[in-house]
Each structure stands twice: as C-alpha cells, then as structure tokens.
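sequence and computational prediction follow.
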Amino acid sequence: MTDGESKSTAGEFDYVIAGGGSAGCALAARLSEDPSVTVCLLEAGPSDVGDRAILELSQWMHLLDSGYDWDYPVEPQEKGNSFMRHARAKVLGGCSSHNSCIAFWPPAEALDDWEAMGASGWGARDILPYVSRLESNDAPGDGHGRSGPVRLRDVPPNDPCGRAVLDAAAAVGLPTVAFNRGGTVLNGAGWFQINASEDGTRMSSSHAYLHPILGTRPNLEVRTGCWVSEILFDEQQTATGVRYQRPDLTGYDTVSARREVVVTAGAIDTPKLLMLSGIGPAEHLAEFGIPVRVDSPGVGSNLDDHVEGLVFWEASQPMVTESTQWWEIGLFATTREGLNHPDLMMHYGSVPFDMNTLRWGYPTTDNGFCLTPNVTQGRSRGTVRLRSRDFRDRAKVDPRYFTDSEGHDDRVMLSGVKLARTIAEQKALRGWIARELAPGPDAVTDAEILDYIHKTHNTVYHPAGTARMGAVDDPMAVLDPELRVKGVRGLRVVDASAMPKLPHVNPNVTVMTMAERCADLLRGRAGSGLRAVESTLSEV
Ligand SMILES: Cc1cc2nc3c(=O)[nH]c(=O)nc-3n(C[C@H](O)[C@H](O)[C@H](O)COP(=O)(O)OP(=O)(O)OC[C@H]3O[C@@H](n4cnc5c(N)ncnc54)[C@H](O)[C@@H]3O)c2cc1C
C-alpha cells in the first residue's frame, strides 16, 4: 500500500476498465449493452462531451502539445530524432479524440500475420466481420457495415493540389484507387476514408460509442479525471480492482471488479501501469523496489511505430484554406518484389509541416504542401520503461528508430523520399511547386538524405506492441490470445499495446475492432468467429 493513501472505496462493478481511449470507450459501450452487467470506465483526462476543441476534426493539429496531450518526449536516440515527442491524448476518447481520423480497415494480411505470430483467433476470417459491426459506411459495395456506431466516409476530392498529387502519382505507377473496398492496395493512391460526420464532427470512440448512451444506462459509470495508479490483486493473484487518484487530487479511491479488470491505457501507459503493479521485467522492477508479481520480460518491450519522414515544398499557387483534416490523401507502394503488403506509405498534407525541420535551419513557408513517407512494417523495436515508481512520472519512451540490424527501415525510408521527389517531378505537379524546402538541394546522395531523415523524422503517432499477445508458451508474449495477462487472473489488456505488430495502415479502426472482439471474449461469444458476430449484428 502506498504511504499516506486513503482507504476509501468507490464502488464495485462487474468490469473495471482503466483508460477511456479508443479501445476503452468501445469496450465500455459494448459490455454495458447487457443491463445485468455493471461497468466502470476510468479516464485520467477530462470529458470531451460538448467540447468543440476536441470534436471539431479540422482543428486537430491544435491539440498536439496542448493541455489534452500527455506529450511524451523520447529518450536520446542512437540514430533517430532525439527532439521528437509522442503525442498521446489525455481526454475521453483517447487518441481517437485528437487524431486525424484517417480510417482504414485492418488489412487481412496483417491479421493473418498476427495469427501466425501466435495470436490464434485473430486471423482475417475471424476478425474482419467485427469491422462491419463497428462501421456505418456508405461506400458502395458488399461487406460494409451500414448501421454500426462509427461513421466512415470518403473525403470529398476538393483540394486541387491533392488532385494534382494523385495525377502525378498515377504517372509513376500508383493509380488512383478508393480505400476500404475489400482488397489490400499494394501500389496505389487515393482520398482517405475518415471517421467523421458530414458536419466535420469526429467520430472518436467516445463520440461514436459513448455519447449516444451516456446517461441512459444505469449500469455504466464513466469517471473522468481519475488517474489509475495501480491494479489491485488478492492473495490468489486475481485482479480485484484498481486504485486511482481522485479528480480533486485530495487522495486515492479504489474501485472493485467482481469479474475482471481490463487495462486500456494505450501503448505507453498500459505497460507502465502493469509495471507499477508488479508485472514486467523482474530486473527492471527491482531497480525501483517494486515487488515482482509476474516476471514478464515482454512488458514494455517490442515498441513498434510508423516512423515518418518529410518532403516539403513551397507551393506556387494558393493552397486550400478549408479541409476536412488537412491530410486527405494516402499513397501506398511496394519497394521490392513479392510483398503481399505495401511496405511504404505516404500522407499528403496540404499544410506547411516544419515541426522537425526548423530547428535545423531548413526554410519554411505559410503556403506549402508535403508528402510524408512512412515505413509501414518497421523492424526497429524500442522500449517503454519506468522513470520511477511514482505513477505521475512520465514513462521513458525509447523507440530506437532506424536501429534494425538489416538496415530495412533506412532502406524503405530512402525509397520513400526518392519516390516523393519523383512524384514531384511529374507534369501534373509542375504548376504547383515553387521549390523543395526540405530536404532541399543539399541532400543529393543517399548518405545526405539519410542524415536529413535521421535528424528530422517524425512519427505517424502509432506506437504499439508493448504488451503484445501471442502463444501461451511464448515467453515474450504478455497476453494470451484471449488478451488475458499471463501469470495472474481476472486481468486483460486491450488497446494498441496488445498488437503483435502494427498493421501497414493507420491503426485506429484496428484498435476499435480489437475492443469489439474483446467485448465478445468477455461475454463468452467470441469462440465461433463469423457466426458470433453475425448473431450480435442484429443487436447493434
Ligand atoms: C496525433 C495523432 C494522430 C493520429 N492519427 C490517426 C489517424 O488519423 N488514423 C488512425 O487510424 N490512427 C491515428 N492515430 C493513432 C490512433 O489514434 C491510436 O493508435 C489509437 O487511438 C490508440 O488507441 P488506444 O486505445 O490504444 O489508446 P488511447 O486512445 O491513447 O487511449 C488510452 C487512454 O487511456 C488514458 N489513460 C492513460 N493512462 C491512464 C491511467 N493510468 N489512468 C486512467 N486513464 C489513463 C489516456 O488518457 C487515454 O484516454 C493518431 C494518433 C495521434 C496521437
């Protein structure tokens, strides 16, 4: 027990969910569909209800480094950008409340890879039907959900520079395509689908799943401003609840779980909370005098991310002054033969993006656009570690960008910068480019381009894999394939940390999909894959 803590209790529920983000909100909504089950959702940040600063999608870039952001610095990087910061939302809805709402179905190949990595039951055949359950998509064609809580729609093709980018991409072998239409796009580009309504309101996990039911379900309690400091266990190693700091900071309360505690605090805070609760690498816990409940070396390891570079141009015509979310187009490519997935992706941004280049003296503009290549299946892996045993101290986040021994991530990124420049040389973009601002004319050789990338890269903000699921006998798998924390009872994790590795697309819909399946695992309905989902579709 922590010195000076209050012993007051704050209720008992069937399920206690720690973290009201993409996964947590979806899970709370699904579990509380059954009126006989009680659910308590705890979120450290404030509510987003009625908060236009959060809900107005086009304003999302204001939220970076704002009071809604946990804002994690990275540890000094061996090769990568040591100035980089990981934005993580501290508000109901989590990162789905401050992200850019680019919406991709989880790719079948990625899910099948998960299954091959030991996450049995997570293959495409079992998981894709959950996407139909969560979405309400008016894209034509079979296989789309039409009545799920999360509105997905195509970005309208209004940006003339964006149209020129697509024409230029088509000229170099990336034909214009529509996304989320069934197959994986290996080489192609198109306007994104976004999870947002026509009036520009984001369809975050909170807005889509929770807002419609708040105040209507007596069996669901959502508590904001409650920072969970520890998971509680009994002597049989069964999770019995959590302790959290009261919103008024006057002390701590505990809330008890009759059935299970589910941790949904995201890829940085979930491993931190597990470690603070005695589940993690024994040597690391010993550094802080934390009693070891489970020596689980995978906790905080395997940090995967989509590392992102930048090619930035000054525009020679006025750029758009209105946009759904300013990053409306995606380009996918394969950099070598024989892949079943694109290993390179780029976002097109219709805004200047000098967040990591200005400090190195690269010129900027207020009328520019960019392509941002990212490595979709990066091989570098980093860590999340405790800074101290105080839950208020930020975790140490060390992504170890570009450190994979094969040089894979360097190679794909280099191809990406070169491909972006080739696209820029095409006739369709001639009327749009005044000059390349970054990397600019001084970066010509591979070494010069890589030096620029290592100094200035960003992230697509997709950390994952730090409490990954896998086979029961895999010592580095923190979770079994049913998302149960190995070594204890009554405790699961569902969020981006549970992914064995990232999919090759933006992962938010994948996280929501994982929460949908977790709800069925807890309700005992997930065993039969497709049939399980079909039987619940009528309830949505
Ligand atoms: C700036 C940005 C842009 C992005 N853009 C996109 C995009 O366009 N498309 C896409 O697919 N993905 C995007 N992503 C990624 C995507 O949003 C995340 O992968 C996804 O939201 C992760 O969901 P999660 O449930 O794992 O964690 P989160 O959504 O981060 O939820 C974790 C929640 O737990 C809370 N929490 C943490 N610790 C505690 C604690 N101890 N006690 C109580 N509560 C706690 C947090 O405040 C947070 O609300 C973006 C991410 C960022 C940051």
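Ah, there it is. Numbering: from 1, shown residues only.

just give me the neighbour total for residue 337.
5 (other Cβ atoms under 10 Å). The C-beta positions use only the backbone N, C-alpha and C, and glycine is treated the same way.

pLDDT score for it?
pLDDT, residue 337: 97.

now do the phi/psi pair for the closest residue to the ligand within the stretch 51-200 of the chain.
Residue of the stretch 51-200 of the chain nearest the ligand, by Cβ to the nearest ligand atom: residue 94 (2.3 Å). Here is the backbone geometry of residue 94 (degrees, to the nearest 10): phi 60, psi -150.

would you map the strands across the stretch 401-540 of the chain?
With DSSP state E, counting those that start in this stretch applied, the stretch 401-540 of the chain shows strands at 433-438, 458-459, 491-493, listed in chain order.

for residue 475, which of those strands is the nearest?
Closest approach to residue 475 among those is made by strand 491-493 (17.0 Å; Cβ to Cβ).

mind checking the pLDDT average for that closest one?
98.

so which strand or helix has residue 73?
strand 72-73 (DSSP states H and E).

any part of that strand near the ligand?
No: with Cβ under 6 Å from any ligand atom as the criterion, the ligand is not reached by strand 72-73; the gap is at least 10.1 Å.

spell out whether the helix or strand just after that strand and the ligand are in contact.
Downstream of strand 72-73, the first helix or strand assigned by DSSP H and E is strand 85-86. No: Strand 85-86 does not reach the ligand (Cβ under 6 Å from any ligand atom); its nearest approach is 7.4 Å.

now the closest residue to the ligand within the chain: closest residue in space, sequence neighbours ignored.
Per Cβ to the nearest ligand atom, residue 21 is where the chain lies closest to the ligand, at 1.7 Å. Spatial nearest neighbour of residue 21, excluding adjacent residues (Cβ to Cβ, 6 or more residues apart in numbering): residue 94 at 2.1 Å.

which parts of this structure sit against the ligand?
18-24, 42-45, 64, 87-90, 94-96, 98-102, 227-228, 264-267, 269, 273, 461-462, 495-496, 506-508, 511.

now, which of those lie within strands?
Among the residues of the chain next to the ligand, the residues falling in strands (DSSP state E) are 18, 42, 43, 227, 228.

can you give me the helices for the stretch 1-150 of the chain?
Secondary structure of the stretch 1-150 of the chain (DSSP state H, counting those that start in this stretch): helices at 22-31, 52-55, 108-116, 124-134.

deepest-packed of those, please.
With neighbours taken as mean count of other Cβ atoms under 10 Å, the helices of the stretch 1-150 of the chain reach their highest mean count in helix 22-31, at a mean of 30.

relative to helix 124-134, how tilted is that one?
Here helix 22-31 runs at an angle of 70 degrees relative to helix 124-134 (axes from the mean of the first three to the mean of the last three Cα atoms, to 10 degrees).

which residues touch helix 22-31?
14-15, 17-18, 20, 37, 39, 41, 43, 92-96, 134, 149, 204-206, 209-210, 213, 220, 222, 262, 264-265, 494-496, 508, 511-512, 514-516, 518-519, 522-523 (Cβ atoms under 8 Å, 6 or more residues apart in numbering).

can you select the buried ones from the residues you listed in PyMOL?
With 16 or more other Cβ atoms under 10 Å as the criterion, this PyMOL line picks the buried residues out of the contacts of helix 22-31:
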select buried, resi 14+15+17+18+20+37+39+41+43+92+93+94+95+96+134+149+204+205+206+209+210+220+222+262+264+265+494+495+496+508+511+512+514+515+516+518+519+522
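
related to what we said a few turns ago, contacting residues around the residue of the stretch 51-200 of the chain closest to the ligand?
Residue 94 sits in contact with 19, 20, 21, 22, 23, 24, 25, 43, 88, 205, 206, 266, where contact means Cβ under 8 Å, 6+ apart.

I'd say residue 150 and residue 136 touch.
Yes: under the criterion of Cβ atoms under 8 Å, residue 150 makes contact with residue 136 at 6.6 Å.

those two: which is more packed in?
Shown here are residue 150 and residue 136; by other Cβ under 10 Å, residue 150 has more neighbours (26 against 19).

for this protein, give me the ranges with low pLDDT.
Applying pLDDT under 70 to the chain flags residues 1-9, 527-540.

grab the most central residue of it for me.
Closest residue to the average C-alpha location of the chain: residue 462 at 4.4 Å, with Cα atoms, centre = their mean.

so who does that residue touch?
305, 306, 496, 502, 506, 507.

give me phi/psi at the second one?
The phi and psi values for residue 306, taken as degrees, to the nearest 10, are phi -100, psi 100.

residues contacting the residue nearest to it when sequence neighbours are not counted?
Nearest residue to residue 306, sequence neighbours excluded (Cβ to Cβ, 6+ apart): residue 460, at 3.9 Å. Residue 460 is in contact with 305, 306, 307, 308, 347, 372, 374, 506, counting by Cβ under 8 Å, 6+ apart.

wait, what's in contact with the fourth one?
Taking Cβ under 8 Å, 6+ apart, we find residue 308 in contact with 347, 372, 373, 374, 457, 458, 459, 460.

distance of the second one from residue 353?
Separation of residue 372 from residue 353 (Cβ to Cβ, to the nearest Å): 7 Å.

so what sits against both of these two?
residue 310.

burial of the residue lying closest to residue 158 once chain neighbours are set aside, as a residue count?
Distances taken as Cβ to Cβ, 6+ apart put residue 320 closest to residue 158, at 7.4 Å, once the chain neighbours are dropped. Per other Cβ under 10 Å, the neighbour tally for residue 320 reads 15.

domains in the protein, by residue range?
1-153+202-305+463-540, 156-191+307-377+402-456 (automatic domain parsing).

of those, which stretch is the most buried?
Ranked by mean neighbour count, the domains of the chain are led by domain 1-153+202-305+463-540 with a mean of 21 (mean count of other Cβ under 10 Å).

re earlier: mind telling me the two of the contacts of residue 308 farthest from one another?
Counting by Cβ to Cβ, the most remote pair of those is 347 and 457, 13.5 Å apart.
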